[in-house]
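In: below: sequence and its predicted model.
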Amino acid sequence: MTANTEEHQLRRLLHTGTGSNTITLRGGAADLDKKELEPVNSLASAGRVNLPLQHCLAAERGGLADRRALLLVLSGCLKIDCKQSRTAVYSALPEVIQSSEEYFEFIFYHRKVFSKRPHGMGAGMRRFISKWYLSQDPYDLALEVTRVRSRHKWSHADLIKLARVRTKDPAVSAVLMAVVRGLGAAQQEFRDKPEAQPILEYMTCVKEINSCNEPDAAIRLIDKHSFDIDCLPTHLLNHAKVWEHALSRLPVRGVLSHLRTMSKRGFLSSDTSPVLMKVLQSIRDPLALAASKLQPADILTVIAQTEACWEHPPTPAHRTKTQSPAYVKIPSPHHSLVTGLHKMLVSSLSHVPKVPCSVLVCVDCRPTIVKGCWGLWSLKAVKAMSLNILALMKGGADVTLTTIGEDKLMQQLQLNTTDTVDSLANRLEKVKGGTIDPALLMSWAREGSKKADLVICMTDSHSEVEREELWTELELYRNTVCHVKFIYCALSSRSLFPSVANKSDPFMIDICGFGPDSTRIIQAFAKECF
């Protein structure tokens with residue numbers, strides 16, 4: 001058996017967010033712990049100081065990396081006691097960090113890694129921060145600093161002052177001063193600089209819309225300067241006509257992120273609502289969908305939350321909260337929105353990254369597969385299973401779908417290229433299945449010489465598994481048929497104890513719960529990314 005080395009753990013961290021064999025997913029992203037950097041520290045201590053950065057760049061090029069983990073590991077690389085390595089990291093950062101959101105995310109993880117003074121703010125880090133601001137066009141910079149003002153308790157003003165960002169370009173200097181000292185100070189300082197006037201006029205309009213109280217005045221500014229909804233003060237979001245004008249400026253990913261806000265105000269409940277029409281127009285645009293790079297798991301997550309009206313899990317505490325007279329339930333959106341999202345889900349399957357491989361899937365078809373997923377309680381486990389299976393197929397995988405019947409015999413199930421998430425889930429719900437036995441699955445595959453690059457067992461809740469027997473069967477299969485990787489998915493479980501995956505086997509992982517990263521992680525594992 002191949003040893004579970006620090007390199008394996010690092011590659012796993014870069015693609016899953018953890019170096020462990022057990023991965024827990026949820027509906028939203030969670031912050032990563034700097035304790036996950038142990039593989040980076042071990043490699044650096046062994047003198048392999050350039051290897052962590054090489055793995056980061058390989059993960060970035062592969063297109064299946066976990067962005068949070070990538071930024072965490074790059075921050076960890078800056079703590080390696082090798083000037084050449086740190087210089088290489090600073091050279092790579094501008095290619096990796098493409099937006100204000102990622103910029104603040106990197107600063108957040110950098111401070112996590114450098115928790116003690118001087119917090120890693122040496123000359124290299126100050127140069128990186130300065131370059132991030134000074135390499136941008138003045139108009140782009142003005143847009144970025146007004147669009148995303150702060151994240152993780154860091155603001156642009158904090159970073160500009162910390163890095164002492166300076167430039168001789170009047171236009172860029174005007175933006176920097178407006179951020180740090182206020183627009184009035186910038187206007188006074190650069191009143192005699194013609195190059196700075198257009199930028200200052202734009203920032204004046206931003207300030208005007210931020211302090212605007214009249215929806216009609218806000219609409220005029222939106223139409224004139226193409227401001228999006230994120231630039232508006234909260235009280236203006238109570239006006240449907242403001243949303244109607246601002247939504248067309250939002251990318252489709254941004255539209256989806258604001259569905260709850262619009263529903264809460266009742267703007268999506270009526271089929272005659274102009275706001276709903278704008279939303280439907282956005283999610284029906286195939287070019288916008290392709291540009292957004294939204295994956296099927298992202299959209300299924302939105303569908304599950306929308307169908308449940310963004311309610312929290314029905315815990316005793318939440319039930320008590322809903323019985324309070326002050327509790328206001330979010331109005332249900334019109335059915336055309338859910339229908340549009342389902343069509344969007346079908347279209348998004350064609351944008352799944354291509355990972356050709358052979359996959360053997362065994363699904364637990366007991367009645368409990370209709371339970372909700374951990375991390376996304378409103379999504380049935382069977383729908384999450386169906387989505388992962390179809391996404392793998394659309395990505396070029398040759399999928400063989402099986403289950404174990406009530407008679408403890410293996411059964412092969414039908415899988416069509418025309419299947420949708422709902423049609424496959426409905427078929428799986430009707431199958432009378434028994435408890436899955438991973439060891440029996442591997443024995444059946446070995447005896448039938450069924451070659452597979454990846455074997456996946458999907459169940460709702462963790463059942464007792466004969467781990468030693470599974471590990472033995474897996475090794476027999478590898479020795480007699482071909483090399484194979486193994487995933488045990490428990491979609492309704494938060495954790496597995498004991499874990500099914502052998503901790504010393506880098507080609508076995510457990511996945512608990514469901515989230516937007518589910519299919520990406522499975523594809524990265526199948527592609528030998530980790």
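Out: That came in fine, so what should we check first?
In: going forward, measure contacts between C-alpha atoms and count neighbours the same way
Out: OK.
In: any idea how far Met125 is from Ser492?
Out: Look at Ser492 and Met125: by CA to CA, to the nearest Å, they are 43 Å apart.
In: one more: Ile404?
Out: 56 Å.
In: the more surrounded of the two?
Out: Counted by other CA atoms under 10 Å, Ile404 and Met125 do not tie: Ile404 has more neighbours, with 25 against 16.
In: give me the phi and psi angles of that one.
Out: Dihedral pair for Ile404: phi -110, psi 120, per degrees, to the nearest 10.
In: number of residues surrounding the closest residue to it other than its chain neighbours?
Out: Leaving aside its sequence neighbours, Ile404 sits nearest to Met410 (CA to CA, 6 or more residues apart in numbering; 4.7 Å). By the criterion of other CA under 10 Å, Met410 has 20 neighbours.
In: so Met410 sits right up against Leu401, yeah?
Out: No. If you go by CA atoms under 8 Å, Met410 and Leu401 don't touch, sitting 10.6 Å apart.
In: where exactly do the strands run in the stretch 401-530 of the chain?
Out: Along the stretch 401-530 of the chain, counting by DSSP state E, counting those that start in this stretch, strands occupy 410-412, 454-459, 485-490, 508-512.
In: separation between Leu259 and Ala445?
Out: Counting by CA to CA - Leu259 and Ala445 are separated by 45 Å.
In: ok, Pro367 next?
Out: From Pro367 across to Ala445, the span is 25 Å (CA to CA).
In: compare those two (neighbour count), which wins?
Out: Applying other CA under 10 Å to Pro367 and Ala445 shows that Ala445 carries more neighbours, namely 19 against 16.
In: can you mark which positions in the helix or strand bottoming out on mean pLDDT in the chain are buried?
Out: Within the chain, no helix or strand scores below helix 316-322, which has a mean of 84 by mean pLDDT, DSSP states H and E. Buried residues in helix 316-322, counting neighbours by 16 or more other CA atoms under 10 Å, are absent.
In: so which elements touch it?
Out: Of the remaining helices and strands, none touches helix 316-322 by 3 or more CA pairs under 8 Å, 6 or more residues apart in numbering; DSSP states H and E.
In: average model confidence for the next helix or strand after it?
Out: Counting by DSSP states H and E, the element after helix 316-322 in chain order, helix or strand, is helix 335-348. Averaged across helix 335-348, the pLDDT comes to 97.
In: which strands and helices sit next to helix 335-348?
Out: helix 274-283, helix 286-292, helix 296-307.
In: next one: that helix to chain centre, how far?
Out: The chain centroid and the centroid of helix 335-348 are separated by 20 Å, computed with CA atoms, centre = their mean, to the nearest Å.
In: output it as CSV, restricted to C-alpha atoms.
Out: Extracted in CSV, the C-alpha atoms of helix 335-348 (Å, rounded to 0.1, in the frame of the first residue of the first chain):
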residue,chain,number,x,y,z
HIS,A,335,-43.4,28.6,-8.7
SER,A,336,-42.0,30.0,-12.0
LEU,A,337,-38.8,30.9,-10.1
VAL,A,338,-38.3,27.3,-8.9
THR,A,339,-39.1,26.0,-12.5
GLY,A,340,-36.5,28.4,-13.9
LEU,A,341,-33.9,27.3,-11.5
HIS,A,342,-34.6,23.6,-12.4
LYS,A,343,-34.1,24.4,-16.1
MET,A,344,-30.9,26.3,-15.1
LEU,A,345,-29.7,23.2,-13.3
VAL,A,346,-30.2,21.0,-16.4
SER,A,347,-28.3,23.6,-18.5
SER,A,348,-25.5,23.8,-16.0
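In: and that helix, what's buried?
Out: Buried-residue list, helix 335-348, by 16+ other CA under 10 Å: 336-338, 340-342, 344-345, 347-348.
In: between helix 296-307 and that helix, find me the angle.
Out: Angle of helix 335-348 versus helix 296-307, following axes from the mean of the first three to the mean of the last three CA atoms, to 10 degrees, is 170 degrees.
In: centre of the chain to stretch 286-297, how far?
Out: Counting by CA atoms, centre = their mean, stretch 286-297 comes out at 13 Å from the chain centroid.
In: could you do stretch 521-530 as well?
Out: With CA atoms, centre = their mean, you get 16 Å for stretch 521-530.
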